[in-house]
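Colleague: Prediction below, plus the sequence it came from.
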Amino acid sequence: ILVSVIFSPPQNYPLYIRSVPTENELKFHYTVHTSLDVVDEKISAMGKALVDQRELYLGLLYPTEDYKVYGYVTNSKVKFVMVVDSSNTALRDNEIRSMFRKLHNSYTDIMCNPFYNPGDRIHSRAFDNTVNSMMMQVC
């Protein structure tokens, strides 16, 4: 199970949501939205250190009985959130970090597209392919 979401600052509305499998999608939406508070707490706790860091991976935001929620923030305060199944013990922290970097690179490619209007929902085959490849790797 993997849910990938990108939130735009400062309103924190989702630009991209993808979950596999699609049942219980509303439950995942709730989990992801509650994780935004934890992301904001971690960002404010880091303060200026986050600005100085090159590493934007926030790590495990919080575990639940069934899922683990991870976070990542870009320099422009765009938030990436991933929810993975707790039973997936093969997934290591550096693999999650690598997945976030891939998402960030793909997101940067979208931002460089002159036809993309920042703040709009993301509709990109290349981005979908990146997310799908990550989901196949995890599931």
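Modeller: Here it is on my side, so go on. Numbering: from 1, shown residues only.

Colleague: buried residues in whichever strand or helix holds residue 40?
Modeller: Counting by DSSP states H and E, the element that carries residue 40 is helix 25-46. Within helix 25-46, the residues that qualify as buried by neighbour count (16 or more other CB atoms under 10 Å) are 28, 31, 32, 35, 36, 38, 39, 43. C-beta coordinates here come from the backbone N, C-alpha and C atoms, glycine included.

Colleague: now do stretch 104-120
Modeller: 104, 106, 107, 110.

Colleague: Could you tell me which of the residues you listed belong to helices?
Modeller: Judged by DSSP state H, the buried residues of stretch 104-120 include 104, 106, 107, 110 as members of helices.

Colleague: closest to residue 11 among the buried residues of helix 25-46?
Modeller: Lowest distance from residue 11 to the buried residues of helix 25-46 (CB to CB) belongs to residue 36, with 11.0 Å.

Colleague: Next, the closest residue to that closest one other than its chain neighbours: phi, psi?
Modeller: Spatial nearest neighbour of residue 36, excluding adjacent residues (CB to CB, 6 or more residues apart in numbering): residue 12 at 5.6 Å. Residue 12 has phi and psi values of phi 60, psi 40 when expressed as degrees, to the nearest 10.

Colleague: now swap in the one 3 residues further on and tell me
Modeller: Phi and psi for residue 15, reported as degrees, to the nearest 10, are phi -90, psi -30.

Colleague: And it, how close does it get to residue 63?
Modeller: For residue 15, the distance to residue 63 (CB to CB, to the nearest Å) stands at 25 Å.

Colleague: Pick out whichever of the two has more residues nearby.
Modeller: Between residue 15 and residue 63, counting by other CB atoms under 10 Å, residue 15 is the more crowded of the two (17 against 10).

Colleague: Which residues are in contact with the more buried one?
Modeller: 6, 7, 8, 78, 119, 120, 121, 122 (CB atoms under 8 Å, 6 or more residues apart in numbering).
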